[in-house]
Structure formats: structure tokens, C-alpha cells
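>>> structure for the following, please:
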Amino acid sequence: MKKTILVACGVLFIFSGCATMIRGTEQEVSVNTNPPGADVQFSNGQSCISPCVIKTKRNQSLQISVTKDGCHQQTATMMPTLAGAGAMLGGFIDYGTGAVYDLHPNPLTISLICDKKIAAEN
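Sure thing, here's the model as predicted:
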């Protein structure tokens, strides 16, 4: 019985952290806007012009602010959710590193409300 417990503990130790090694603690998230060419600001300090992709931590929610001349500002949130593959591969280490999560929605698509005259010129 003791041998079985030792083997089980050894297997759990070996496979804990699998998602961290396979999936990593960061992921690429993409933001698309309609119309394109909007300024995208992320709560982690990164920014880009849509359509764009950034790399960020899997386990931290992101607040996204989108602006474009002639359009109303839009905000959105990407939230970490438990990923199926990450949860199956993950051990205690993976929950600590965040490797068992994926940010959603990804890709994020935002339709801006724009003044028709200004939007047509852009």
C-alpha cells in the first residue's frame, strides 16, 4: 500500500506544472474593431492600433479602451477562464502560474459607433 501511495505521489509531482511547460503563462490576444484603425489601450500598459495582437498574462483580466476620432469610446473586458486542456494537464503549480487559464473573449471584436460623415472620411 505504501508503495502505491509513493508511486501516485511521484506521478502527481512529475505531472504538476505540465500546463505551465506546454501552454506557458502568457497568451496572444487579438482585438479587431469596426472600423479598423482605432487606438486600443490595455490596462496592463500595452497599446496598439486595431486590428492588433498583444501578448499578456493568462491569469490577469484586461480592461480594454478603444478610441477613434469621430467615434464614441468603447470599453471591454477580457476575463481569465479555466481552459479545458490546461485544467486537464494542470497541477497546483499551474494554478499559481496561471497556465490553466485563457482570456476570453479572444479574439475581441468591437463595433464603434461613429459619426457617419467622419467615419466615411477615415
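
>>> and the contacts of stretch 102-120?
Outside of stretch 102-120, the residues within contact range by C-beta atoms under 8 Å, 6 or more residues apart in numbering are 27, 29-35, 38, 56, 58, 61-62, 64, 66, 68-72, 74, 76, 78-81, 83, 86. The way it works is simple: take the backbone N, C-alpha and C, and place the C-beta from them, glycine included.

>>> just the buried ones among the residues you listed, please.
Buried positions within the contacts of stretch 102-120, assessed by neighbour count (16 or more other C-beta atoms under 10 Å), are 27, 29, 31-33, 38, 56, 58, 62, 64, 66, 68, 71, 74, 78, 80, 83, 86.

>>> now the closest residue in space to residue 53 that isn't next to it in sequence: phi and psi?
Once flanking residues are discounted, residue 53 sits nearest to residue 30: 4.5 Å by C-beta to C-beta, 6 or more residues apart in numbering. Backbone geometry at residue 30, expressed as degrees, to the nearest 10, gives phi -120, psi 150.

>>> check contacts around residue 30.
51, 52, 53, 106, 107, 108.

>>> the second one touches residue 40, doesn't it?
Yes: the pair residue 52 and residue 40 passes the contact test of C-beta atoms under 8 Å, sitting 6.1 Å apart.

>>> which one of the contacts of residue 30 has the most neighbours?
residue 108 (20 neighbours; other C-beta atoms under 10 Å).

>>> can you tell me how far it sits from residue 47?
14 Å (C-beta to C-beta, to the nearest Å).

>>> check residue 54 too.
Taking C-beta to C-beta, one finds residue 54 at 9 Å from residue 47.
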